[in-house]
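In: next comes the sequence, and after it the predicted model I'd like to discuss.
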Protein chains: 2
Amino acid sequence: MDRHRTEKNETKSAQGRPTLKMLAFMTGLGVTTVSRALKDAPEIGAETRRRVQLVAKQIGYRPNRAGVRLRTGRTNVISLVLNTDREIMSFVSDIIYGVSEVLAETPYHLIVTPYSRSQDPMEPIRYLVETGSADGVIISRTQPNDPRARYMLEHGMPFATHGRTEMGLVHPYHDFDNHAFAMGAVRRLASMGRRRLALLSPPPGLTYHAHTVNGFADALSEVGASEIPFNTVSIDNTIEQIRTRTAQLMRRDIRPDGFVSSAAAATLALVAGIEDAGLVLGRDVDVVSKQSADLLHLFRRELLVVNENFRMAGAELARSVLGLIGGAEPGTLQRLVVASDVQAFSPPAAV
Amino acid sequence: MDRHRTEKNETKSAQGRPTLKMLAFMTGLGVTTVSRALKDAPEIGAETRRRVQLVAKQIGYRPNRAGVRLRTGRTNVISLVLNTDREIMSFVSDIIYGVSEVLAETPYHLIVTPYSRSQDPMEPIRYLVETGSADGVIISRTQPNDPRARYMLEHGMPFATHGRTEMGLVHPYHDFDNHAFAMGAVRRLASMGRRRLALLSPPPGLTYHAHTVNGFADALSEVGASEIPFNTVSIDNTIEQIRTRTAQLMRRDIRPDGFVSSAAAATLALVAGIEDAGLVLGRDVDVVSKQSADLLHLFRRELLVVNENFRMAGAELARSVLGLIGGAEPGTLQRLVVASDVQAFSPPAAV
DNA sequence: CTGGCTATCTGTAACGTTTCAGTATATGGA
DNA sequence: TCCATATACTGAAACGTTACAGATAGCCAG
């Protein structure tokens, strides 16, 4: 009579998704035993374990994520928090690919948590922590004193940052040595006889702004070149803004004969501005730029480039978060990538 | 004695996440009532409803996704399925932004489900359907006879495609009118006196390959120009491949004096190849290219461009899937975006 | 005053998982 | 023989939610 009683001898076999209960019925064991057998718990007999795992594989059992999550709180999700309007284009896809690459071999899923202009960068972080929507978080646009990192550290949410912080707190990070990049760029320009250099820098506020600015300044004094200030604009500005500011700058009497640029898209605008002012790349001025895809040499072969690999960064960040979740020491999950040498255009092999 | 009995009068108030049970206790109601009051069910008194919603807002109640998902099967997740290596860079970030933009105002999360070179494109789809990991799916790289679309239709998984299918099955899609794009491009080239045109097309196999090829051919016969075949390569090839093939082509006696290109990144390589062969853009040859970001004019101002807005595409696709989930007719969720006119470079306002 | 509405509200079960606290059987030491 | 202990397994509870099947009370027609 009791409609609700769940009879153990269900006759329907072609039920939907396999569950532990089904597996238990099929093997004649209890669901507890099955659950444990699947995760190689020590108190399960060797034969039983093998038997359960065999059947599970046969019928294609996959744990129900909602069940696991509800019970354990584990989400098997890593969240990549991105600024919707500011992040540079290729940056996003490359980093996503890197992260995906690593997560693909794990039970983890990647979820993208966006935030935009108007929003407080803390908002998505708070959401993730409060709702427990992820087991780990990856953030970019890291600041020296980053409230997001502090908050996640305080709340025990595992995370890794793209870029370092400077708060005396230890956490996983992946960073490109922008100090070395800027130094190398300045040295290269100096070696070409350029003496009045300008820097198209990352936006002030982000940690790597200071790294870049310092590297630039350090190398300037080393090589005895001078700086033409160009800090009314950063790589965060629009193409149009960078272009017009550059053109203005290049029409002055005292103008740079060399540029260091921290991003490829910004470099496009920079060069456009230079040319708007009637100057010629490689003759009147040289430019060293970072890039992530190998495109700048197609744009103007006179450009000098240094490659930064965002895909690898994404992969490393993912590995770091997983490592941290797995109990690794955060201090061992920090990586600073040395900048490669400045590369000039080399014509492709003849066809 | 019974340790397990859950006393109703819990004294701890500063418990972790607010739950329905807590809300029920605070309001003095049953959890069923609270659950219903929060979703504006009709059988709840107006005052009770307001009271519950007030308290819920005050203590920041947010439904536990795992609970909802376990009980209802609804995941509140939309999955964007991406090919890890083939998708064009800017495409990915733009489309993600578009999707995010729309989902941000809903309870839905975006999860990115990647697949790569080696994999069967069906694999991630099967995974999503079998594990019920998403309430809706967005796919790109759509084919005329697309097994993914067929499979999802058969299994009742709501989805939208970027690009159309040709299977006689009705489903939401968003597509750019590549036939019109190709026609417009050819007409423009013809109006400039170009008579021997070549097409750098989308990869064969994808639906919009045929659209583009047909538009190209239709306009050719309309304007009486001829085609120089260039189908050993597509926009899916690497920069290097496109570049060398283009250079080879341009060194032949009979070479194109006009190109139509379906993607901005490919156009960079195309132009590089043209110049490798010693020819000059705007003099020896003209190129009309699609682009998503306004960058090609910075690259070479002689380029002619047509913009395709991937961000909008992402937003539309997201809206379509949500609409479909909400019960809208799939036939009403189809959109073909007309191609805008071919644009030549116009110098920025003087400074 | 009964029976049958309607309007509100409630208890319980169930989704699939893990964990706590056992239970049953075998093994071994005294 | 008896107790202790290890091995292999199991039932029940709980995570937070929704839905089914009532329950209670007020009201009105007959």
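Out: Cool, the structure landed. Source: prediction; values computed, not measured.
In: ok, then the element right after the lowest-mean-pLDDT helix or strand in chain A?
Out: For chain A, the helix or strand with the lowest mean confidence is helix A:89-103, at a mean of 86 (criterion: mean pLDDT, DSSP states H and E). Beyond helix A:89-103 in the direction of the C-terminus, DSSP states H and E gives the next helix or strand as strand A:109-115.
In: got the angle for that following strand vs helix A:89-103?
Out: Computed with axes from the mean of the first three to the mean of the last three CA atoms, to 10 degrees, the direction of strand A:109-115 lies at 150 degrees from that of helix A:89-103.
In: so is strand A:109-115 next to chain B?
Out: Yes: Strand A:109-115 comes into contact with chain B (CB under 8 Å from any CB of the partner chain), by way of A:H109, A:L110, A:I111, A:V112, A:T113, A:P114. Bear in mind the C-beta positions are built from the backbone N, C-alpha and C, glycine included.
In: so what touches the following helix or strand past that strand?
Out: Scanning forward in sequence from strand A:109-115 by DSSP H and E, the next helix or strand is helix A:122-131. Outside of helix A:122-131, the residues that reach it under the criterion CB atoms under 8 Å, 6 or more residues apart in numbering or on different chains are A:79, A:81, A:113-115, A:133-134, A:137, A:139, A:147-148, A:151-152, A:155, A:157, B:17, B:60, B:62, B:65.
In: I'd like to know which of these are buried.
Out: Buried by 16 or more other CB atoms under 10 Å in any protein chain shown: A:79, A:81, A:113-115, A:133-134, A:137, A:139, A:148, A:152, A:157, B:65, out of those.
In: got JSON lines for those, with secondary structure too?
Out: Supplementary listing: the buried ones among the contacts of helix A:122-131 in JSON lines, determined by DSSP: H, G, I helix; E, B strand; the rest coil:
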{"residue": "A:S79", "secondary structure": "strand"}
{"residue": "A:V81", "secondary structure": "strand"}
{"residue": "A:T113", "secondary structure": "strand"}
{"residue": "A:P114", "secondary structure": "strand"}
{"residue": "A:Y115", "secondary structure": "strand"}
{"residue": "A:S133", "secondary structure": "coil"}
{"residue": "A:A134", "secondary structure": "coil"}
{"residue": "A:V137", "secondary structure": "strand"}
{"residue": "A:I139", "secondary structure": "strand"}
{"residue": "A:R148", "secondary structure": "helix"}
{"residue": "A:M152", "secondary structure": "helix"}
{"residue": "A:M157", "secondary structure": "coil"}
{"residue": "B:R65", "secondary structure": "helix"}
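In: which of the residues you listed sits closest to DNA strand D?
Out: Set against DNA strand D, the nearest of these by CB to the nearest atom of the strand is B:R65 (8.0 Å).
In: quick one, what contacts the residue nearest to that closest one when sequence neighbours are not counted?
Out: Ranked by CB to CB, 6 or more residues apart in numbering or on different chains and with sequence neighbours excluded, the top spatial neighbour of B:R65 is B:N76, at 6.2 Å. Under the criterion of CB under 8 Å, 6+ apart, the neighbours of B:N76 are B:R65, B:V68, B:R69, B:P107, B:Y108, B:H109, B:D135.
In: and A:M122, how many neighbours?
Out: The local packing of A:M122 (other CB atoms under 10 Å in any protein chain shown) involves 14 other residues.
In: roughly how far apart are it and chain B?
Out: A:M122 sits 15 Å away from chain B, going by CB to the nearest CB, to the nearest Å.
In: could you report the pLDDT at that residue?
Out: Model confidence at A:M122, given as pLDDT, is 96.
In: now for the residue in the stretch 151-300 of chain A that DNA strand C sits nearest to, how many residues are close by?
Out: Taking CB to the nearest atom of the strand as the measure, the stretch 151-300 of chain A has A:G156 as its residue closest to DNA strand C, at 17.2 Å. Other residues within reach of A:G156, judged by other CB under 10 Å, total 7.
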